[in-house]
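In: dropping the sequence and predicted coords here.
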Amino acid sequence: MGKAAVVMAGGHGHNSYKHNSKYQRTRCATTTDMVKEVIHQKLEIPTEAATISVADLGCAVGPNTFHSIQTVVDAMNAKIKRSSSHQVGAFEFQVFFNDQIGNDFNTLFESLPPNRQYFVAAVPGSFYSRLFPPNSIHYFNSSLALHWLSRAPSGLVNKGRVHCHGGGAEAVAAYGVQFRADIAAFLEARAVELVRGGLLVMLFVCRHEWMEPDAPRYDMWFAHIESILRELVAEGEAREEDLDSFQLPIYSPTVGEFREVVEINGSYAIHVAEKVDEGWASNGVGKEQEDRRKPDLDELARDMSRATRAVFEDIVGDHFGKDVAGEVFRRLPETVYQFFLAQPTMPTLPPTAFFVLQKKC
Ligand SMILES: C[S@@+](CC[C@H](N)C(=O)[O-])C[C@H]1O[C@@H](n2cnc3c(N)ncnc32)[C@H](O)[C@@H]1O
């Protein structure tokens with residue numbers, strides 16, 4: 001069994017996360033105005049000259065993290081400029097980039113924006129544990145990372161499936177238990193690390209309320225990975241026991257499920273808790289079949305497959321070996337293309353949820 005921690009494809013190459021993360025970037029951009037507004041309305045800037053500490057949890061290798069951080073720093077500077085009680089220039093920004101230890105921090109730091117107005121440091125380690133001293137961070141951001149669990153649920157028998165999707169009640173329950181334990185630990189750690197009045201801003205992949213947690217989710221793309229792995233097992237190219245012991249540590253909660261864990265924690269005021277992006281061509285209302293031309297769909301399938309590969313190649317390769325992973329991602333564009341062709345309307349991307357929490361005073 002592999003390490004079961006995910007890292008995005010590093011480096012600067014064709015298959016890297018750096019060059020295949022525009023879908024994530026587009027989704028983060030949907031919250032830019034809300035982030036500015038919440039900093040303007042809610043963030044308490046210290047009255048004395050100070051260092052303002054910001055951390056991005058699950059930053060990957062860029063460039064998306066730099067966009068998120070720039071929005072935050074610009075909004076904080078704008079707030080300082082507008083305020084009569086703050087002296088412009090008296091504040092400096094320290095930004096901490098956090099991700100798993102295996103993340104390609106070298107590529108991240110090689111790509112830092114040259115004209116940034118903030119100091120930088122890496123903080124490697126899981127955000128499900130403590131990462132910072134008490135009362136030291138003014139603003140936490142986490143974009144499209146919190147749907148990754150700390151690990152797959154232990155002891156689950158879910159033969160031939162890589163996830164609770166399609167796995168039935170037992171698999172759903174096991175994933176739900178892991179999700180609640182992880183988010184509880186995450187919120188507890190951040191509540192210690194935030195200064196009073198500090199903000200915790202999160203965007204993550206979620207689930208529509210009308211979706212059963214075990215409904216097969218082609219919008220999550222790994223349903224395609226699962227079907228290819230089954231093919232490879234049937235062809236004798238991958239081992240059945242490897243498939244049976246592989247569970248992706250991902251859970252996409254509803255807004256209500258996530259909110260419940262926040263309320264149980266009790267340390268935060270909830271300013272925003274909502275679905276902000278219903279997914280591309282939301283609820284299956286997409287381009288009609290007749291609008292779809294082969295080259296478009298072919299290119300889209302390739303593009304989405306590269307994006308999927310940049311996220312999942314490491315975790316699949318770690319468990320099944322590099323050759324099997326290579327074959328999975330070689331077959332993926334055609335599998336996705338055939339899937340597109342078979343749909344009466346364009347399929348959706350999963351929705352995203354946006355939460356803004358403030359540590360209670
Ligand atoms: C899809 S990427 C998103 C990266 C970036 N925030 C963006 O918007 O493009 C998710 C990132 O979360 C990181 N991640 C997942 N679980 C983590 C954990 N427990 N602790 C720290 N980072 C984690 C992954 O390594 C990955 O880099």
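Out: Here it is on my side, so go on. Residues are numbered from 1 along each chain as shown.

In: name the nearest residue to the residue in the stretch 101-250 of the chain that the ligand sits nearest to, sequence neighbours excluded.
Out: Using C-beta to the nearest ligand atom, the closest approach of the stretch 101-250 of the chain to the ligand is made by A145 at 3.3 Å. In this view, the C-beta of every residue, glycine as well, is placed from N, C-alpha and C. Nearest residue to A145 in three dimensions, chain neighbours excluded: G58, at 2.5 Å (C-beta to C-beta, 6 or more residues apart in numbering).

In: pretty sure that neighbour is touching N141, no?
Out: No - applying C-beta atoms under 8 Å, one finds G58 not in contact with N141, separated by 9.2 Å.

In: confirm L200 sits in a strand?
Out: Yes - L200: assigned to a strand according to DSSP: H, G, I helix; E, B strand; the rest coil.

In: that one: what's it in contact with?
Out: Contact partners of L200, counting by C-beta atoms under 8 Å, 6 or more residues apart in numbering, are 140, 142, 187, 190, 194, 268, 355-359.

In: 7 Å instead, please
Out: By C-beta atoms under 7 Å, 6 or more residues apart in numbering, L200 lies in contact with 140, 190, 194, 268, 357.

In: how much space between the third one and V88?
Out: Using C-beta to C-beta, to the nearest Å, one gets 25 Å for the distance from L194 to V88.

In: what do you get for L243?
Out: Going from L243 to V88 by C-beta to C-beta gives 59 Å.

In: name the residue in these two with the higher neighbour count.
Out: Neighbours were counted for L243 and for V88 using other C-beta atoms under 10 Å; L243 has more, 20 against 10.

In: the more buried one: what's it in contact with?
Out: Each residue near L243 by C-beta under 7 Å, 6+ apart is listed here: 160, 229, 233.

In: got it, and Q94?
Out: Here Q94 is in contact with 51, 53, 118-119 (criterion: C-beta under 7 Å, 6+ apart).

In: host element of it?
Out: When elements are assigned from DSSP states H and E, Q94 belongs to strand 91-99.

In: for that strand, what is the average pLDDT?
Out: The average pLDDT for strand 91-99 rounds to 96.

In: point out the other helices and strands that the helix or strand just after it packs with.
Out: Of the helices and strands lying after strand 91-99 in sequence (DSSP H and E), the nearest is helix 105-110. Packing partners of helix 105-110 (3 or more C-beta pairs under 7 Å, 6 or more residues apart in numbering; DSSP states H and E): none among the helices and strands.

In: please see if helix 105-110 touches the ligand.
Out: No - Helix 105-110 stays clear of the ligand (C-beta under 6 Å from any ligand atom), getting no nearer than 9.7 Å.

In: got the contact list for that helix?
Out: Contacts for helix 105-110 (C-beta under 7 Å, 6+ apart): 10-12, 18, 59, 61-62, 97, 122.

In: my read is Q358 is in a helix, agree?
Out: No - counting by three-state DSSP, Q358 is located in no helix; its state is strand.

In: look up how far the ligand lies from the residue nearest to A145.
Out: Note on G58: its distance to the ligand, by C-beta to the nearest ligand atom, to the nearest Å, is 3 Å.

In: just the pLDDT at that residue, thanks.
Out: pLDDT, G58: 97.

In: where does the stretch 201-350 of the chain come near the ligand, residue by residue?
Out: V311.

In: the strands in the stretch 201-350 of the chain, which residues?
Out: Under the criterion DSSP state E, counting those that start in this stretch, the stretch 201-350 of the chain contains strands at 268-277.

In: low-confidence stretches in it?
Out: 278-295 (pLDDT under 70).
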